[in-house]
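# Just a sequence and a predicted model for now, questions to come.
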Amino acid sequence: MTGVPATWLVGGRDRDITNGALVGVLNVTPDSFSDGGELEEARTAIEHGLEMIEQGALFVDIGGESTRPGAHPVDEASELRRVMPVVEGLVAEGALVSVDTSKPEVASTAIEGGAAVINDVTGFTDPGMIDAVADSGCGVVVVHMKGTPIDMHLAPSYGDVVAEVEQFLLDRVAELEGAGVARRRMAIDPGIGFGKRAHHSLTLLSHLDRLAGHGLPVMIGTSRKGFLGKLVKGDSREALDRATAVTTALGFAAGARLFRVHDVAKSRDALEIAGAIVASQ
């Protein structure tokens, strides 16, 4: 597909994403929407992260602060206490690690501890976050979110959700480039479910080709999102993970190349099938 990059510069190395890449979601929080409290113990979280790598994830994305609708922020010290033992444990095992944070000190500490990617749901709107990643060489994921987790679900509205999300992401990419972050280090994420109604998320998913046309890797994070449960009329993990795998396959066909998922195995199979079909075109 024209314009879709084949590689992403992460940790000083070009990573091949031609056939797509899976990102394992590893929440070390007590209150995340689908798995809160399950992986708070560091050893358990590390083992689960390694299992996702074995199943085919390119890297594991560790979150120490819930971004579910209605979630309240946590202080920096608490987030570091949750995240860093897992970062260091996984890095020691040779795993590629991402940290999902919007706090500059957490980002800097994670990078020092070996994190190869910083994933910011606020799109690096805090200048301190840009400073944290600018000279590091780590990959960065620029995410769109309207509002904050406390209020983003209350009354999100858009005139043209695709155009507004697209413009926000391109503006943030330009800001990062101006600060010295190489474009090859960046990926963009439309923030499915972050300050979006179900129809907003579906519209964005149906226009991924537009985002992919800017020559940046596009990440999507649909995994276990509530709107999928409404579509399949079931909110069990099994149902949500099957639905997520469908979005992985369709997302790849539309030009997305990075997929943030809880169930790596199901989306791995979907990605392999989608990749084979796209390659035969």
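Structure received. Keep in mind it's a predicted model, so treat the numbers as computed, not measured.
# what stretches of the chain score poorly on pLDDT?
Across the chain, the ranges flagged by pLDDT under 70 are 1-2, 31-40, 70-71, 151-152.
# can you give me the strands for the stretch 151-281 of the chain?
For the stretch 151-281 of the chain, applying DSSP state E, counting those that start in this stretch gives strands covering 186-189, 219-220, 258-261.
# Of the ones you listed, which is nearest residue 100?
Closest of those to residue 100 is strand 258-261, at 9.0 Å (criterion: CB to CB). All C-beta atoms are positioned from the backbone trio N, CA, C, and that covers glycine.
# Flag every buried residue along that closest one.
By neighbour count with 16 or more other CB atoms under 10 Å, strand 258-261 contains the buried residues 258-261.
# To what extent is residue 54 buried, counted in neighbours?
11 (other CB atoms under 10 Å).
# that's a strand at it, yeah?
No - read with DSSP: H, G, I helix; E, B strand; the rest coil, residue 54 is helix and lies in no strand.
# Would you mind measuring from it to residue 265?
According to CB to CB, to the nearest Å, residue 54 and residue 265 sit 10 Å apart.
# Kindly report the same for residue 185.
Distance from residue 185 to residue 265, counting by CB to CB: 29 Å.
# Report the contact partners of the nearest residue in space to residue 85 that is not next to it in sequence.
Leaving out its chain neighbours, the residue that sits closest to residue 85 by CB to CB, 6 or more residues apart in numbering is residue 42, at 4.0 Å. Contact analysis of residue 42 by CB atoms under 8 Å, 6 or more residues apart in numbering lists 28, 85-86, 89.
# and these as CSV, adding neighbour count and secondary structure?
Output for the contacts of residue 42, formatted as CSV (neighbours: other CB atoms under 10 Å; DSSP: H, G, I helix; E, B strand; the rest coil):
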residue, neighbour count, secondary structure
28, 30, coil
85, 17, helix
86, 27, helix
89, 19, helix
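# list the contacts for residue 73?
65, 148-150.
# Who are the contact partners of residue 90?
Residue 90 sits next to 46, 49-50, 60, 62, 97 when contact means CB under 8 Å, 6+ apart.
# Of these, which pair is most distant in space?
By the measure CB to CB, 50 and 62 form the most distant pair in the contacts of residue 90, at 12.6 Å.
# When the two are compared, which one has more neighbours?
Per other CB under 10 Å, whichever of residue 50 and residue 62 has more neighbours is residue 62, with 28 against 18.
# Helices along the stretch 151-281 of the chain, start to end?
Secondary structure of the stretch 151-281 of the chain (DSSP state H, counting those that start in this stretch): helices at 161-178, 198-205, 208-212, 226-232, 237-254, 264-279.
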